Structure formats: C-alpha cells, structure tokens
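# got a structure for you, letters missing:
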Ligand SMILES: [Zn+2]
C-alpha cells in the first residue's frame, strides 16, 4: 500500500531541491557595474548564451575567474599540503541539465563527501560537479596553462561546512567555496566517465533531470593529485561571487572524442523551444589576474614544463 507520506516525502525533497536550484541560479548580487574587461567579455558571450545578456553586475571585479595560469609567474608554496578528497558514491543523487551545463548533484546535508587539506583551512562538502567544453577540441576549458586551452574542464564544487550551514550562505561569504578543476585532454576513452556519458541522453534538453546514483567522482581525478595550482577567484557563472578557493590540477585526464561528442549532443534549449541550440562553448572568457598570486604545490622546474603534458 502506498502511504501518503511515501508520496509526500519525495515530493517535499523534490520541491526543496527545486528551491535550492532557483536560489543557485537566480540570486542576483547588487554590486558595482562590471569592469570594462568583463563588459567586453559579456558582449562577446552575449551571442553565445542568454545567461550573459542583460546588465551584469559583479561584486568586486578584481578577483574574477577563470584566468590563464602563467607558469613562470606562479609561486611554489612548500607549505601547501596534499588535498584530501573523500567521496561517498551513495551521496550522488541526480543529473540535471540546467540549460548551460549538466550538473551531477550530491546530497550535501552531511559531511560524507568532502575535500580538505591543500590551501583549505576548513572542510568543504561536495554539492555538485559539472563540465565546460567547446564546440571543437581546440578550446573549451575555462582556465588555461601558459595560454594552452583544453577541450573541456571539470569543476567539483564544494562549500565550507565548518563555517556555514548551507551552500546558499557559503556562496556569498569569504572562504565559502572550494572548487577543484581538472582539465580534460583528448586521448583514450575514460572508463570512469563512461557511466555518466551513458546517462546523458536522458538529460538532452534544458530542465530535464534524471536520477543518478552511486557515482564516485574520485574516478575523474588525475592519478597525480599532489600537483596543483591554487588562487582566490570567483564563480564563473552568475552570481560571480569572489568567494572561491580554486584548486586546479596540473595533470589532465584523458577522454575520447566520442565521449566529448556526447557532451556536445546536449542542448541549451528545452523540448518546447522551436530553435534548438547545441550545448557547446559554455565557458566564461578569461579575466585579468591583476595583483593576485597563483601558488603551486610543486616546483615547476623540477617536474618539467606543465605545458608539455
Ligand atoms: Zn564551472
């Protein structure tokens, strides 16, 4: 027999998730008008995605992401500890096409999937991961290394659960978010990624959601997680808040052309829209580094030029 609570509880959870999504997507931060660089970037991107159209205010403007990592200007910080990522695959919940990327969302009500160590003073909970990619293999990543772009970039988004009680709170606050970035380069098929790729046709259109369980994002990390760059930056989608500690892995992971082709078969548009638009080039243009320092956990001259990877 189906009880009323059996129906209402999942419905309540669904509404809660919906509300959180609304908050994540539509919260708008009052701030000063964007800088010339950001405005000109917005102009370029306005032809690519509606998210970048209309007035775009950024809260500070001098700590924006993504950036180019100029290896010779990075500072080797011997104090940087290894990152400790511990993910419980059972916290994986669903995949959602939000009209800009696809988000693999995790239950972040407990500390079961977390990152700590590295440049982080606190423990951060995983709430979702997503990718950015290009229409061709020549570009697609948000960050670059010595101006070299990769075909795609993975972002594992975590929020500081030691200091804050909700993602929505952390996103606005100092040291609120910790994002691990991993470059994807063209190569052999990535077996770990394939389970996710197989599920993607179900979320082809904007606003579609499919249940997706037991996915351990550890399989998407490179073999070497000891070598990374870190800097203070922002979200690369609105609200663009400057609350992110970025940790960008030096070693990329390999994926096949066919796997990237499935990413590119997704759509920015919903099933009802007349003109369908391929989900490609869903990256933000790069922002000035300004006076910020980019630290590395490794000696770039001992380990060889990262651009030779
Ligand atoms: Zn991202």
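Cool, got the structure. What you see is a predicted model, and the numbers here were worked out from it, not measured in a lab.
# quick check, residue 218 in a strand?
No - with DSSP: H, G, I helix; E, B strand; the rest coil as the criterion, residue 218 is helix rather than part of a strand.
# What is the neighbour count of the closest residue in space to it that isn't next to it in sequence?
Excluding the flanking residues, the one nearest residue 218 by Cβ to Cβ, 6 or more residues apart in numbering is residue 87, at 5.4 Å. To be clear about C-beta, it is placed using only N, CA and C from the backbone, and glycine gets the same treatment. Residue 87 has 22 neighbours, counted by other Cβ atoms under 10 Å.
# tell me the contacts of residue 87?
Shown in contact with residue 87 (Cβ atoms under 8 Å, 6 or more residues apart in numbering): 113, 114, 126, 216, 217, 218.
# Angles on the backbone of the first one, please.
By that I understand residue 113. Torsion angles at residue 113 (phi, psi; degrees, to the nearest 10) stand at phi -130, psi 110.
# May I see the buried residues of the particular helix or strand that has residue 129 in it?
According to DSSP states H and E, residue 129 maps onto strand 124-133. Buried residues in strand 124-133, defined by neighbour count with 16 or more other Cβ atoms under 10 Å: 124, 125, 126, 127, 128, 129, 130, 131, 132, 133.
# number of nearby residues for the nearest residue to the fourth one once chain neighbours are set aside?
Leaving out its chain neighbours, the residue that sits closest to residue 127 by Cβ to Cβ, 6+ apart is residue 108, at 4.3 Å. By the other Cβ under 10 Å criterion, the neighbourhood of residue 108 contains 23 residues.
# try residue 238
20.
# Equivalent analysis for residue 88, please.
Neighbours around residue 88, by other Cβ under 10 Å: 16.
# related to what we said a few turns ago, and the residue nearest to residue 218, how close does it get to residue 180?
Distance of residue 87 to residue 180, computed by Cβ to Cβ, to the nearest Å: 11 Å.
# about what we covered before: for the buried residues of strand 124-133, which one is nearest residue 231?
Each of the buried residues of strand 124-133 was checked against residue 231 using Cβ to Cβ; the closest is residue 124, at 16.2 Å.
# residues touching that closest one, list them.
For residue 124, the contacting residues are 114, 115, 116, 158, 159, 160, 161, 177, 178, by Cβ under 8 Å, 6+ apart.
# a markdown table please, covering these and showing neighbour count.
Output for the contacts of residue 124, formatted as a markdown table (neighbours: other Cβ atoms under 10 Å):
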| residue | neighbour count |
| --- | --- |
| 114 | 23 |
| 115 | 21 |
| 116 | 18 |
| 158 | 30 |
| 159 | 26 |
| 160 | 23 |
| 161 | 20 |
| 177 | 25 |
| 178 | 29 |
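# Using JSON lines, lay out the contacts of residue 87 together with pLDDT.
Listed next are these as JSON lines, based on pLDDT from 0 to 100:
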{"residue": "113", "pLDDT": "98"}
{"residue": "114", "pLDDT": "98"}
{"residue": "126", "pLDDT": "98"}
{"residue": "216", "pLDDT": "98"}
{"residue": "217", "pLDDT": "98"}
{"residue": "218", "pLDDT": "98"}
